[in-house]
Structure formats: structure tokens, C-alpha cells
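[1] sequence-free structure coming up:
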Ligand SMILES: *Cc1c(COP(=O)(O)O)cnc(C)c1O
């Protein structure tokens, strides 16, 4: 079919993306999200997913989802303010609040929606948001939706944050919100939340952290970045996702009871979009059970991470400034990263190339995601493939 004239511009844009090595080729997977995947009919090692703890196909989560379907069906019916809220959702929120050590929690359909709902509920026109320059797209969009003034501060730089706040002191803003990713998803570095908290205290700002990549990873038994820095009771809003370490899908906002109550009244994705589905919620409840029972999976995740990074650095790769299981293998040009990823795939290793606009131009990389699901043999196979392709392409 030929493209109508009025849509021709899209074809041109798509051609430009392909030319620049920035086109997203999406692989189709015919297996669960385990350490190994079946992609295009072949078995490959999985280093792409955010399935940090291997929960995406964990038998306990699968069983919990099945049982909940038997009992409650699949769908939530409508938005919770209209159709009522299922017991399961309330139970999950109570369990998540207890796990995180906060007063209350509220779930959203995704982490993305949690940010879109939370930021505009807390600040609006006449307010100001101080946002780390590398914050996640959902924070950027949530901030824009709020209509507050957005002031970006230098990445992970509490001193610059302080300067920006001082420079805006006389602008007459009503409220101020500081918002940062906890773990930055493309570099794997961790926000200096302790220092940021000090600045928030000095200036009476609300403090919000998006702990999507810290949930189930950082802190005692995966309790997240606030636990990691021992800042309990000091961070106003913790946004999290149930789509990464928790292995399912969904978003959560944890914090004081009054903020959670406010989000039930004013969080637009809560008010105007249906809730998480029954099997999602039940599987998340089983994930909380597992995390509370044992730190085994979190411990294995970190052991795998330390081994893989040490070996990659030994081979001569630049793994950036990551302090978490997110392991960027820095390559520079987007086309080199795409070639590298394609050759890895030929070696049976599935690891994505990431380029602009997800990361700045000239900072393309392969992003390796380590999981507790990997065993030593898996990691060694990947290291062998990286070494081979790295030499072939003159990277090491
Ligand atoms: C992945 C991610 C999200 C989105 O979470 P979903 O549950 O997948 O919508 C939000 N914020 C950050 C920092 C993330 O890394």
C-alpha cells in the first residue's frame, strides 16, 4: 500500500532514523523473560530486561496470579473511584507500605503513570520543580503537565541544586519540589539522595525520588534507595515501579498518609484510568512475600553484578560510572553500538544498543542488565562474546 501524501513526512523521518542508526528494531520473543530467551527461533542469553530478580516467570508469582484469577477474574472493572476498589489492591498497597517502612502507598498502572499522576498533584502554576538534568522521561513529562516552572540542575550535583534554588529565591514561587531518579537507568549511577535531602531541608522543598531501578535492588533486601541511605521518614515521595525487579507491571507511590490520600483525590491516572489487573496485583503480592522472606535473590543479583563488572573492566571495556546492576558498555557512536549489538546477537547474546535520544549524542552504548536469574556459566558466555566482538570491532 502506498503511504498517503499527508503522511509522507513520517516515512522521511523513519528513513532518517535508520540512516542515523537510531531506529528501534524490536525483537519478538517466544519464551518467558528468563536468563535465556527464544528470539527468532534461537536460544539467546538475555541481558536486556529489567527483570533483576528473575521474578517475571517465578513459579510463586505465576501460581498467585492463577489463583487470583480463579477467585476474582481478570479485570478491575473500571477506575477505582467509580467501580470500587478490589481487596487485592488495598492489600498490595498495605504490604508495599510496610515493606518500604512508610505510612501509606498507592498503586498506579505503571511507574510512568505514577509520575504523571504525582507531580501535577503536588505542584502547579506558580510553583517550581528542580529536576536532575538526566531524569527519566516520565518525570520530564509529569513536570511539563504540572505547568510549574522547571529548573534543571546538573546531574547528581547537590551543590548545583543549591545554587539553582538560591538563584530562584526571589522569583515568588509558591511551592518547590525537588525530583530525581534514584538510580539513573542508562548509566546505573545513584543519586546523592543524602546530600539532596540536606538541600531540601535547608530550603523547605518537597523531595521526591523515582526509585524504579532501586526497588528490589538497593537497600536491605531490596527496600530501595531511601533504605540504602537510611533516610526513612525524610523523603516525602518515593515513586516505584512493579515492572522491573518485581517482575510484573504497575507503579507505586509510597510516603506519608496525607500525600497518598491526596493522590486518591487528585492523581489523574488514578482517577481516569483503570487499575492494575487482578493477576498483576496478585503476582506483586507474591513478590513482596518473596522479598520479605529472604534476601537470597537480591544477594545473588549483587554477586553477579560484581563479577560481571570486574571481568568486563579486566577485558578493557569502559563501563562508565555505574554503581548498580545496570552496566553500560560505552561505545560512542550509535552505529558502532548497533553493530556491536548485532554481532553479540550472532554470538547468542541479546544486549541492546542504546542511542540518542535515550542517551546524549555520541554516548551510545550497549546496556547490559544483570539479573539474579543468570548463573556463572551464563555470565562467562556473555563475557566471551563481548571479548570476541570487542576485538573484532577494535573496541578493546
Ligand atoms: C522504567 C522507569 C519508569 C517507568 O516505569 P514503568 O512501570 O515501566 O512505567 C519510570 N521512572 C524511571 C526512573 C524508570 O526507570
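    Good, I have the coordinates. Fair warning: this is a prediction, and the values are worked out from it, not measured in the lab.
[2] going forward, measure contacts between C-alpha atoms and count neighbours the same way
    Noted.
[3] tell me how many other residues crowd residue 202.
    By other C-alpha atoms under 10 Å, the residues close to residue 202 number 10.
[4] so which elements touch whichever strand or helix holds residue 239?
    Taking DSSP states H and E as the definition, residue 239 sits inside strand 237-241. Applying 3 or more C-alpha pairs under 8 Å, 6 or more residues apart in numbering; DSSP states H and E, we find strand 237-241 packed against helix 111-122, strand 206-210, strand 251-255.
[5] angle of that strand against strand 251-255?
    Orientation of strand 237-241 against strand 251-255 (axes from the mean of the first three to the mean of the last three C-alpha atoms, to 10 degrees) gives an angle of 160 degrees.
[6] quick one: strand 237-241 to helix 111-122, angle?
    160 degrees.
[7] sheet partners, orientation included, of strand 237-241?
    strand 206-210 (parallel), strand 251-255 (antiparallel) (DSSP bridges).
[8] just those strands: most buried one?
    Ranked by mean neighbour count, the strands paired with strand 237-241 are led by strand 251-255 with a mean of 26 (mean count of other C-alpha atoms under 10 Å).
[9] which parts of the stretch 101-250 of the chain sit against the ligand?
    Residues of the stretch 101-250 of the chain found near the ligand (C-alpha under 6 Å from any ligand atom) are 110-112, 136, 138, 181, 185, 210, 212-213, 241, 243, 249-250.
[10] identify the farthest-apart pair in these.
    181 and 249 (18.7 Å; C-alpha to C-alpha).
[11] and these two? Which one has more around it.
    Neighbour tally, residue 181 and residue 249, criterion other C-alpha under 10 Å: the higher count belongs to residue 181, 27 against 21.
[12] helices of the stretch 1-150 of the chain, residue ranges please.
    If DSSP state H, counting those that start in this stretch is used as the criterion, the helices of the stretch 1-150 of the chain fall at 8-19, 59-72, 80-83, 87-100, 111-122, 137-146.
[13] what about residue 80, neighbour count?
    Neighbours of residue 80 (other C-alpha under 10 Å): 19.
[14] got the contact list for it?
    Counting by C-alpha atoms under 8 Å, 6 or more residues apart in numbering, residue 80 touches 270-271, 274-275.
[15] count of residues packed around residue 273?
    Residue 273, neighbours per other C-alpha under 10 Å, totals 14.
[16] pLDDT value on it, please?
    Reading off the confidence values, residue 273 has pLDDT 95.
[17] how about it: what's its closest non-neighbour residue?
    Nearest residue to residue 273, sequence neighbours excluded (C-alpha to C-alpha, 6 or more residues apart in numbering): residue 79, at 5.5 Å.
[18] equivalent analysis for residue 375, please.
    Closest residue to residue 375 apart from its sequence neighbours, by C-alpha to C-alpha, 6+ apart: residue 304 at 7.8 Å.
[19] quick one, the helix or strand where residue 199 lies and strand 206-210 angle?
    Following DSSP H and E, one finds residue 199 within helix 193-203. Angle, helix 193-203 to strand 206-210, by the same axes, to 10 degrees: 160 degrees.
[20] what's the domain layout of the chain?
    Here the chain is described, according to automatic domain parsing, as comprising the domains 22-52+295-392, 59-293.
[21] rewinding a little: single out the most deeply packed of the helices of the stretch 1-150 of the chain.
    helix 111-122 (a mean of 24).
[22] list the helices and strands it packs on?
    For helix 111-122, the packing partners by 3+ C-alpha pairs under 8 Å, 6+ apart come out as helix 137-146, strand 237-241, strand 251-255, helix 257-266, helix 268-272.
[23] just the residues contacting the longest helix seen in the chain, thanks.
    If you go by DSSP state H, the chain has its longest helix at helix 296-315. Residues from elsewhere that reach helix 296-315 (C-alpha under 8 Å, 6+ apart): 52-53, 216-217, 221-222, 318-319, 324-325, 327, 370-376, 379, 383, 387, 396.
[24] got a PyMOL select line for the buried ones in these?
    Command for PyMOL that selects the buried part of the contacts of helix 296-315, burial taken from 16 or more other C-alpha atoms under 10 Å:
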select buried, resi 52+53+216+217+221+222+318+319+324+325+327+370+371+372+373+374+379+383+387
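[25] nearest residue to the middle of the chain?
    residue 212 (3.8 Å; C-alpha atoms, centre = their mean).
[26] can you give me phi and psi for that residue?
    Taking degrees, to the nearest 10, you get phi -50, psi -40 for the backbone angles of residue 212.
[27] that one contacts residue 244, doesn't it?
    Yes. Contact status for residue 212 versus residue 244: in contact at 7.2 Å, counting by C-alpha atoms under 8 Å.
[28] sorry, back to before: same list, the helices and strands packed on helix 111-122, but as JSON lines with distance to residue 365 please.
    Shown next, in JSON lines, are the helices and strands packed on helix 111-122 (distance: least, C-alpha to C-alpha, whole Å):
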{"stretch": "helix 137-146", "distance to residue 365": "19"}
{"stretch": "strand 237-241", "distance to residue 365": "24"}
{"stretch": "strand 251-255", "distance to residue 365": "27"}
{"stretch": "helix 257-266", "distance to residue 365": "37"}
{"stretch": "helix 268-272", "distance to residue 365": "33"}
